[in-house]
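Peer 1: Fold the following.
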Amino acid sequence: MSIGIQRMRLIWAFLLMGTLSFASHWHVAPAMPGWDLFEFDKLAHFPVYGLLATLIARALTGELKCPSIFGIAWASTVGFGMVDETIQSMNPVRDFSLADLVADAAGTSVALLPISCGRSIGAFWSGACGAVR
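Peer 2: Model prediction:
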């Protein structure tokens with residue numbers, strides 16, 4: 001795979017990270033009591049962080065073996081979520097949410113599940129880690 005394609009894939013991941021960082025500084029309406037895990041915010045974290053993990057994994061394909069891709073993509077995505085939550089804790093209108101981190105990690109894990117199972121992700125994403133023949 002060409003370096004240009006890998007860089008472009010990484011650029012998409014960084015653009016999504018920038019968008020998430022920008023959006024996390026907005027004021028949000030308080031949640032209804034007792035619905036913390038099921039509010040829209042948590043439901044949005046799951047697919048967005050899954051997408052981020054997928055973008056990072058795709059940017060790493062062709063350079064690393066699948067277990068390495070899983071580890072780096074998972075740690076990068078969940079680490080970004082932790083940094084984002086920490087920054088939110090410093091914002092007077094936002095707070096640190098462990099439930100958000102759980103949603104981030106869950107979305108990341110589900111998106112990277114094909115890699116974590118030890119199967120070649122070539123069957124799932126064309127060109128990644130070598131195609132399954």
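
Peer 1: Would you tell me what the next helix or strand after the helix ranked longest in the chain is?
Peer 2: Residue-count comparison of every helix in the chain, with assignments taken from DSSP state H, identifies helix 66-89 as the longest. Reading on from helix 66-89 to the C-terminus, the next helix or strand found by DSSP states H and E is helix 98-111.

Peer 1: Check which residues of the longest helix of the chain are buried.
Peer 2: 66, 69-70, 73-74, 76-78, 80-81, 84-85, 88 (16 or more other CB atoms under 10 Å). For every residue, glycine as well, the C-beta is placed using N, CA and C.

Peer 1: Now tabulate the residues you listed in CSV and tack on distance to residue 56 and pLDDT.
Peer 2: As requested, the buried residues of helix 66-89 are arranged in CSV below (distance: CB to CB, whole Å; pLDDT from 0 to 100):
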residue, distance to residue 56, pLDDT
66, 14, 66
69, 9, 79
70, 10, 82
73, 4, 90
74, 9, 92
76, 5, 94
77, 6, 95
78, 11, 95
80, 9, 94
81, 12, 93
84, 15, 90
85, 18, 90
88, 21, 86
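
Peer 1: quick one: which of the residues you listed is nearest residue 47?
Peer 2: Closest approach between these and residue 47, by CB to CB: residue 77, at 12.5 Å.
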